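Sequence isn't available, so here's the structure alone:
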Ligand code: NAP
């Protein structure tokens, strides 16, 4: 099969398309014929060598959607021909086939394309865990989705809307802001406009927001704290550097800064999250947005694109 391989850590150019043996599923494993691959920022960090656990040569990728090709002994929940999306893989998803544990594949609702399926796992599981498990958001609260135009942001917008929250979403382009509004945000602001924090206070009648889902904490965290209502919670989802904060802004409000990494979720937590996502994907309240598709061979271009400004839902690769 063809797969993207990394032989040395570095820039996007270390992603090369190669011929490798097709894996065979062992007991409890399944082989997925990959039809679409989800590209996430985390794979760019891993590719550049940030994760010492990664052993080279390596095929990146946790997220994909496709069809079960074959199953190993003892697999009971899926069979060849089933449409699935993945929540991690054993062999990497940037490939024509991906070897997975049975628990890493989930039924893909018939109404969704494979491209949409590849956009589910990391974005939606992260958004769900941030909003419900970490922020403990309550119906009627106001959430600021700070960076709502990307994979996690659009997922968070749809999940928050379904949960009855009032949503203020931000994006850096007109196209991104239109997308955020179409997917359920009540108010949409430009995080590149110097006055937008004042607009948030005006929109909330001076009370501030109850929850902030933060995609770029190194830029925003210091300015987030004065935007919080009493007992407010910031959930740090993304950060690419250091930031200074004024702790007194937290003290005044009995506020919390919490953070999360999806990799910390237990198997039980992940099972609950994917059950909740299945319900939302079935009833149509959740609907992944794919902004850009590229051939698998263009993985390097996709890695450059996913870090550029102007997000519009997900980038997916086509084997
Ligand atoms: P993405 O699709 O590339 O989206 C990035 C988002 O950040 C876009 O909405 C972008 O908006 C926004 N952004 C850019 N500048 C911003 C600013 N100054 N203030 C607020 N938002 C800004 O990436 P993603 O997949 O949604 O992931 C978002 C972040 O979360 C990444 O840093 C990623 O590494 C991290 N993440 C963490 C976890 C975890 O487990 N903790 C899981 C998934 C992702 P514009 O492009 O419209 O400006």
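That came in fine, so what should we check first? Bear in mind that the values here come from a model prediction, so they are computed numbers and not experimental data.

For this structure, which residue gets nearest to the ligand?
Across the chain, the shortest distance to the ligand (C-beta to the nearest ligand atom) belongs to residue 150, at 1.9 Å. Yep, even glycine has a C-beta here, placed from its N, CA and C like the rest.

Quick check on the residue lying closest to that residue once chain neighbours are set aside: phi, psi?
Closest residue to residue 150 apart from its sequence neighbours, by C-beta to C-beta, 6 or more residues apart in numbering: residue 311 at 3.7 Å. With angles defined as degrees, to the nearest 10, residue 311 sits at phi -60, psi 150.

and what of residue 242?
Backbone torsions for residue 242, taken as degrees, to the nearest 10, come to phi -100, psi 170.

burial count for it?
By other C-beta atoms under 10 Å, 8 other residues sit near residue 242.

Tell me how far it lies from residue 222.
In this view, residue 242 and residue 222 are 11 Å apart by C-beta to C-beta, to the nearest Å.

Can you give me the buried ones in stretch 145-165?
Neighbour counts over stretch 145-165 (16 or more other C-beta atoms under 10 Å) mark 145-163, 165 as buried.

Contact partners for the residue nearest in space to the middle of the chain?
For the chain, the residue nearest the mean C-alpha position is residue 123 (1.8 Å; C-alpha atoms, centre = their mean). Neighbour list for residue 123: 38, 40, 150-152, 154-155, 288, 314 [criterion: C-beta atoms under 8 Å, 6 or more residues apart in numbering].

pretty sure the residue nearest to residue 150 is touching residue 180, no?
No: using C-beta atoms under 8 Å, residue 311 is not in contact with residue 180, being 10.1 Å away.

shared neighbours, these two?
Jointly contacting residue 311 and residue 180 under the rule C-beta under 8 Å, 6+ apart are 149, 153, 171.

In helices only, show me the residues you listed.
Judged by DSSP state H, the shared contacts of residue 311 and residue 180 include residue 153 as members of helices.

any idea which of the shared contacts of residue 311 and residue 180 is closest to residue 83?
Nearest to residue 83 among the shared contacts of residue 311 and residue 180: residue 153, at 26.2 Å, using C-beta to C-beta.

which one is that closest one nearest to, not counting chain neighbours?
Of all residues not flanking residue 153 in the chain, residue 147 sits nearest, at 5.0 Å (C-beta to C-beta, 6+ apart).

Next, the contact list for that neighbour, please.
Contacts of residue 147 were listed using C-beta under 8 Å, 6+ apart, and they are 153, 170-171, 191, 214-216, 238, 311.

What helix or strand is the closest residue to residue 114 other than its chain neighbours located in?
Excluding the flanking residues, the one nearest residue 114 by C-beta to C-beta, 6+ apart is residue 35, at 3.8 Å. If you go by DSSP states H and E, residue 35 is part of strand 29-39.

So is that strand next to the ligand?
No: if you take C-beta under 6 Å from any ligand atom as the test, strand 29-39 misses the ligand, and the best it gets is 8.7 Å.

for that strand, packing partners?
For strand 29-39, the elements it packs on are strand 64-71, strand 97-101, helix 114-118, helix 121-128, helix 299-306, strand 314-318, judged by 3 or more C-beta pairs under 8 Å, 6 or more residues apart in numbering; DSSP states H and E.

Adjacent strands (with direction) for the last one?
Within its sheet, and counting by DSSP bridges, strand 314-318 is paired with strand 29-39 (antiparallel), strand 290-295 (parallel).

Kindly report the same for the first one.
The sheet places strand 64-71 alongside strand 29-39 (antiparallel), strand 83-86 (antiparallel), with pairing taken from DSSP bridges.

what separates residue 244 from residue 236, distance-wise?
Separation of residue 244 from residue 236 (C-beta to C-beta) stands at 15 Å.

I meant to write residue 143 there.
Residue 143 sits at a distance of 14 Å from residue 236 (criterion: C-beta to C-beta).

With neighbour numbers in mind, choose between those two.
Per other C-beta under 10 Å, whichever of residue 143 and residue 236 has more neighbours is residue 143, with 30 against 23.

Residue numbers of the stretch 1-150 of the chain in contact with the ligand?
Applying C-beta under 6 Å from any ligand atom, we find that the stretch 1-150 of the chain lies next to the ligand at 40-42, 122-123, 126, 146-150.

right, and residue 104 touches residue 89 too?
Yes: judged on C-beta under 8 Å, residue 104 makes contact with residue 89 at a distance of 6.3 Å.
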